[in-house]
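*Asks:* My questions concern the predicted model and sequence given below.
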Amino acid sequence: MTKMDLEKKLIQDIKAGNNVSLERGLLIISGLKTEGEMRTYTQKLDQIYDGFLEKLTSKSPVSLATWREYMAASLAKALFEYLWNTKPRRCDGNFLLTDVIEAQLDPEVNRKVGSCVGLTALFTVLGLREDLNLTILVSDSHMVNRLRADDTIYNIDNTDPLGFDYDLEEKDFLEYPSILLLANVLNSRGMAQEIRDNFEQAKADYSKAIEINPEYGNAYNNRGNIKAKQADYIGAIKDYNRAIELNSQFVEAYCNRGIAKENLGDHSKALEDFDRAIELNSEYIDGYLRRGMLKQDSGDYAGAIRDFDRVIEIEPESKERVVGYKQRAERLLKGAEA
């Protein structure tokens with residue numbers, strides 16, 4: 001079976017509600033094509049897992065059976081601490097499970113391991129081997145685990161050494177079953193393709209992410225960005241609309257939709273979206289910048305200058321980037337007043 005065939009079958013199984021192994025799914029999405037390659041990385045995961053169990057039992061008088069039956073939260077915390085102690089500089093850009101496994105096993109202690117997606121993937125597959133009750137929490141820009149154990153909920157941020165049982169802004173996150181982590185990895189893969197200007201492949205990955213999780217707002221927003229780059233502004237707006245339906249606080253989606261509407265010549269509706277993005281985040285630089293540019297094009301030069309000044313106020317280092325827009329608005333304002 002080819003990589004594409006494996007991915008296609010994986011997505012079909014998830015959509016059909018068939019029992020799917022998250023561990024195997026993450027390895028498939030990492031690009032593994034044969035059962036031999038799967039076994040190789042399963043064995044590498046075994047190394048990490050066995051190292052954890054050895055550490056757990058060697059320093060505790062409590063039996064492994066007792067840990068599993070009565071101390072699930074403590075076991076999860078021990079796993080979290082083991083991974084951090086093994087690799088204390090964990091945060092990096094890796095999001096594919098195979099890359100994260102290689103980094104975790106590298107004898108170089110200071111080698112970084114992965115992104116929030118990659119680190120969450122590793123913790124989740126190891127935790128599921130212990131039958132931990134894990135889900136994922138996803139925001140516009142971050143991902144963490146949620147553990148339910150002993151009638152208590154624990155949030156686990158794998159990018160923070162103090163991230164076990166930490167407080168988060170609940171309104172910023174949506175909770176999904178662990179299996180939907182596959183959609184997040186596909187979304188990250190799409191972003192990597194987009195950076196390399198492989199727009200069709202990026203769009204395909206975002207679409208796969210949406211197939212797995214039809215309520216994944218980030219993937220709709222990202223696919224909308226690709227469509228906008230391809231001048232499919234109507235298609236882009238449809239994706240931004242869906243992202244906003246799923247998350248009414250999605251600042252970037254409002255701004256992106258505003259840009260698409262502006263490109264279609266609907267300036268009043270574009271302005272409404274920029275206003276909404278700024279209303280949701282009063283320090284959202286892109287919102288002020290895009291609104292300022294639109295005001296300038298619409299003849300509201302004073303309003304444009306105020307928005308450009310606000311960008312510089314929020315982020316003084318952006319002055320060089322914004323000063324040209326501001327100077328042009330000032331010249332146009334003087335001309336209009338003359």
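*Replies:* Nice, I can see it. Numbering: from 1, shown residues only.
*Asks:* what's the neighbour count on residue 152?
*Replies:* Burial measure for residue 152: 10 neighbouring residues, criterion other C-beta atoms under 10 Å. In short, each C-beta sits where N, CA and C put it, glycine included.
*Asks:* residue contacts, the residue nearest to it when sequence neighbours are not counted?
*Replies:* Distance criterion C-beta to C-beta, 6 or more residues apart in numbering; nearest residue to residue 152, sequence neighbours excluded, is residue 73 at 6.6 Å. Residue 73 sits next to 147, 149-150, 152, 154 when contact means C-beta atoms under 8 Å, 6 or more residues apart in numbering.
*Asks:* Looking at these, state which has the most neighbours.
*Replies:* residue 147 (24 neighbours).
*Asks:* Would you confirm that it belongs to a strand?
*Replies:* Yes: according to DSSP: H, G, I helix; E, B strand; the rest coil, the state of residue 147 is that of a strand.
*Asks:* Can you tell me who it pairs with across the strands?
*Replies:* residue 134, residue 154 (DSSP bridges).
*Asks:* My read is that it contacts residue 154, right?
*Replies:* Yes: the pair residue 147 and residue 154 passes the contact test of C-beta atoms under 8 Å, sitting 4.3 Å apart.
*Asks:* any residues in contact with both of those two?
*Replies:* 73, 76.
*Asks:* any idea how far the residue nearest to residue 152 is from residue 114?
*Replies:* Counting by C-beta to C-beta, to the nearest Å, the gap from residue 73 to residue 114 is 24 Å.
*Asks:* show me where the stretch 1-150 of the chain has strands.
*Replies:* 134-138, 143-149 (DSSP state E, counting those that start in this stretch).
*Asks:* and among those strands, the most buried is which?
*Replies:* Among the strands of the stretch 1-150 of the chain, ranked by average contacts under mean count of other C-beta atoms under 10 Å, first place goes to strand 134-138 (a mean of 22).
*Asks:* Just the CA coordinates for that strand, please, in CSV.
*Replies:* The C-alpha trace of strand 134-138 is given here as CSV (Å, rounded to 0.1, in the frame of the first residue of the first chain):
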residue,chain,number,x,y,z
LEU,A,134,-6.8,11.6,27.7
THR,A,135,-8.4,14.2,25.4
ILE,A,136,-6.9,17.2,23.6
LEU,A,137,-7.7,20.9,24.0
VAL,A,138,-7.1,23.1,21.0
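*Asks:* That strand versus strand 143-149: what angle between them?
*Replies:* 150 degrees (axes from the mean of the first three to the mean of the last three C-alpha atoms, to 10 degrees).
*Asks:* From the contact counts, what lies against strand 134-138?
*Replies:* helix 116-129, strand 143-149, strand 174-177, helix 181-195 (3 or more C-beta pairs under 8 Å, 6 or more residues apart in numbering; DSSP states H and E).
*Asks:* what's in contact with the lengthiest helix in the chain?
*Replies:* In the chain, taking DSSP state H as the definition, the longest helix is helix 35-58. Contact partners of helix 35-58, identified using C-beta under 8 Å, 6+ apart, comprise 23-24, 27, 30, 32, 63-64, 67, 75, 78-79, 82-83, 86, 97-98, 101-102, 104-105, 122, 125-126, 129.
*Asks:* Which ones among those map onto helices?
*Replies:* 23-24, 27, 64, 67, 75, 78-79, 82-83, 86, 97-98, 101-102, 104-105, 122, 125-126, 129.
*Asks:* Just the buried positions in stretch 21-40, please.
*Replies:* 22-30, 32, 38 (16 or more other C-beta atoms under 10 Å).
*Asks:* so what does the helix or strand bottoming out on mean pLDDT in the chain touch, helix or strand wise?
*Replies:* The least trusted helix or strand in the chain, going by mean pLDDT, DSSP states H and E, turns out to be helix 64-70, with a mean of 83. Helix 64-70 sits against helix 35-58, helix 72-86, with contacts defined as 3+ C-beta pairs under 8 Å, 6+ apart.
*Asks:* Kindly export the helix or strand residue 289 falls within (C-alpha atoms) in PDB.
*Replies:* Assigned by DSSP states H and E, residue 289 belongs to helix 285-297. In PDB, the C-alpha atoms belonging to helix 285-297 read as follows (Å, rounded to 0.1, in the frame of the first residue of the first chain):
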ATOM      1  CA  ILE A 285      -1.600  44.600  14.900                       C
ATOM      2  CA  ASP A 286      -2.700  43.100  11.600                       C
ATOM      3  CA  GLY A 287      -6.300  44.300  12.200                       C
ATOM      4  CA  TYR A 288      -5.200  47.900  12.700                       C
ATOM      5  CA  LEU A 289      -2.800  47.700   9.700                       C
ATOM      6  CA  ARG A 290      -5.400  46.300   7.300                       C
ATOM      7  CA  ARG A 291      -8.100  48.600   8.500                       C
ATOM      8  CA  GLY A 292      -5.700  51.600   8.100                       C
ATOM      9  CA  MET A 293      -4.900  50.600   4.600                       C
ATOM     10  CA  LEU A 294      -8.500  50.200   3.700                       C
ATOM     11  CA  LYS A 295      -9.400  53.600   5.300                       C
ATOM     12  CA  GLN A 296      -6.600  55.200   3.300                       C
ATOM     13  CA  ASP A 297      -7.900  53.700   0.000                       C
END
